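Undergrad: What would the 3D arrangement of this be:
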Amino acid sequence: MDVSGFLLVDKPAGWTSHDVVAHIRRMSGIKKVGHGGTLDPMATGLLVIGLGSATKQLERFVQGDKTYVAEVTLGATTATDDAEGTVEPTAGATDPGRPAAEAALEGFAGDIEQLPPTYSAIKTGGKKAYAEARQGRTVERQPRSVTIRSVELLDYAWPEARFRTTVSKGTYIRALARDLGERLGTGGYLSGLRREKVGDLDVRDAVGADVIDGPWYVLERRLTKPEQAV
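TA: Next comes the predicted model:
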């Protein structure tokens, strides 16, 4: 079956990016299936799936900017910088107020040096950081340059904050949540994440879990040809 193109999927919470790829592969019978940028299992939102010869073009989505809506819980931290880790309340943390949170968040806009999370797929000494951390070993991490194209506080009600941001490749939203908490002196971790856009592709054009669990011919109709995915 000579089928190629991109499928925009609104990934459900609890699914890994690989789960979505494996599911599409089983449904379609197409061996060459991949995705253009990993989403953590807790995250929802736009996942670009490539099928057939279109998989060769997935790298342009991996390299491109992405837009997220993130939820941050202040007043506590986790070792993973997200809700997957054990929550440790920050002693004495108090509400800094919306103006302080907004100013702190806007201070991240532009080119910054970001320290990746301890639990990440970055390799250190040839081994993935999260594997070393799970073994209780010290993980040596180096800051890396990323760009926060835009960032906007959407809602604030202590201890929860919600913001939208567009970022360059390699930016960890978990690290941004952690650093916001550090800047406010309260601690903070990522408690929710939704990817809205990959480049100019929008989650509003994606298929949801109900569709990806349906028959393949329905999904096939939603394929975007490589030349149309600009």
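Undergrad: Show me the protein divided up by domain.
TA: According to automatic domain parsing, the chain comprises the domains 5-63+199-228, 66-195.
Undergrad: per-residue pLDDT, the closest residue to Ile24 other than its chain neighbours?
TA: Leaving aside its sequence neighbours, Ile24 sits nearest to Val33 (C-beta to C-beta, 6 or more residues apart in numbering; 5.3 Å). No exception for glycine: its C-beta is placed from N, CA and C like everyone else's. Listed pLDDT for Val33 reads 95.
Undergrad: Also Gln135?
TA: Here, the pLDDT recorded for Gln135 equals 50.
Undergrad: Adjust the sequence numbering to begin at 775 for everything that follows.
TA: Sure, I'll start numbering at 775, so the last one becomes Gln909.
Undergrad: distance between stretch 952-971 and the chain's centre?
TA: In terms of C-alpha atoms, centre = their mean, to the nearest Å, the centre of stretch 952-971 is found 12 Å from the chain centre.
Undergrad: oh sorry, the question was meant for stretch 971-988
TA: That offset, for stretch 971-988, works out to 15 Å (C-alpha atoms, centre = their mean).
Undergrad: Identify the residues contacting that stretch?
TA: Residues from elsewhere that reach stretch 971-988 (C-beta atoms under 8 Å, 6 or more residues apart in numbering): 781-784, 786, 794, 797-798, 801, 810-811, 819-822, 834-835, 838-841, 940, 968-970, 992-993, 996, 1003-1004.
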